[in-house]
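Asker: 3D, please:
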Amino acid sequence: MTFLLKRSEAISNFFLASWIIGDICNAVSVFLVPTLYTQRFLAVFFIFVDWIWATEHFYFLKTRKIYIPLPTNVKCIEIFIYFLIISILLGLVCAYGIYGHIQLAIDEQKYDYCVQLPEGNDIQIIIGTIFAYSASFFYIIAKPAQICKTKQRRTVEGVSFGNILSTCIGNLTQALSVIVENQDFQYLLKNLPFIASFLVPAFLDVISISQFYTYKDNIIHDRSVRKINVDIITTIENVDHQHQHDQSSELR
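Answerer: So this is what the prediction gives:
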């Protein structure tokens with residue numbers, strides 16, 4: 001979204017900083033606490049995406065008067081990008097599942113149905129758990145900052161609906177996975193911090209999604225104004241170019 005619009009003032013600096021710190025804490029925790037390799041891969045991938053996001057944000061924030069937003073329907077392009085990413089991920093998951101099923105059918109004794117997670121010492125697990133809780137804290141405090149930023153601007157232009165919707169669904173499914181696993185009161189009480197760390201951000205995501213409907217009329221106005229500005233800048237550049245061409249012709 002930032003690259004398409006060539007602008008980044010819609011994103012709260014506090015939101016971006018808190019989100020990146022949360023991803024860093026999450027990355028540290030998954031390497032200290034026994035976790036699946038997929039969680040570690042995702043943690044590293046999130047850091048890589050954060051680096052690109054932060055670079056784009058501050059670059060276009062500094063040069064927002066230089067670049068002209070792309071004269072295109074951003075929403076359609078954004079939907080296409082998310083559809084492409086989801087299709088690739090689902091394709092990889094299905095391909096991996098089919099491959100695993102074939103390998104299991106060929107040699108069933110070769111694979112262990114109950115793979116044990118790597119063990120860690122108590123201090124390492126405690127430190128990893130602290131980083132995990134810290135990540136949840138930074139994820140939670142990041143979202144109100146973005147909600148306030150959008151409310152202050154009274155428009156969601158420049159905010160990615162797909163990003164918010166994806167994180168909301170992810171948080172809800174993670175919370176439900178913990179609740180569905182065991183409905184015992186003691187189990188739920190023990191895992192209450194984890195459930196809260198998923199449900200609170202999901203609730204805040206719902207507020208962010210509601211802002212898209214609250215300020216949807218402002219998006220049309222903002223895009224109309226942006227199109228007028230682009231047309232004015234293009235006209236000025238064409239006139240300036242024609243003037244320079246006429247001067248060159250006179251000198252000849």
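
Asker: Quick check: residue 159 touching residue 147?
Answerer: No - at 10.2 Å, residue 159 and residue 147 do not qualify as touching, with contact defined as Cβ atoms under 8 Å. Backbone N, C-alpha and C define where each C-beta goes, glycine included.

Asker: Lowest-scoring secondary structure element of this structure by mean pLDDT?
Answerer: When each helix and strand of the chain is scored by mean pLDDT, DSSP states H and E, helix 2-5 comes last, with a mean of 55.

Asker: Which strands or helices does the next helix or strand after it pack on?
Answerer: Next along the chain after helix 2-5, taking DSSP states H and E as the criterion, comes helix 13-32. Applying 3 or more Cβ pairs under 8 Å, 6 or more residues apart in numbering; DSSP states H and E, we find helix 13-32 packed against helix 37-62, helix 122-153.

Asker: out of those, which comes closest to residue 28?
Answerer: Residue 28 lies closest to helix 122-153 among the helices and strands packed on helix 13-32, at 4.6 Å (Cβ to Cβ).

Asker: Just the angle for the closest one relative to helix 37-62, thanks.
Answerer: 40 degrees (axes from the mean of the first three to the mean of the last three Cα atoms, to 10 degrees).

Asker: buried stuff in helix 122-153?
Answerer: 127-128, 131-132, 134-136, 138-147, 149-150, 153 (16 or more other Cβ atoms under 10 Å).

Asker: give me the number of residues near the spatially closest residue to residue 139 that is not a sequence neighbour?
Answerer: Distances taken as Cβ to Cβ, 6 or more residues apart in numbering place residue 22 nearest to residue 139, at 4.5 Å, with adjacent residues excluded. Neighbours of residue 22 under the rule other Cβ atoms under 10 Å: 22.

Asker: From residue 83, how far out is residue 22?
Answerer: Plainly put, residue 22 is 27 Å away from residue 83 if you go by Cβ to Cβ, to the nearest Å.
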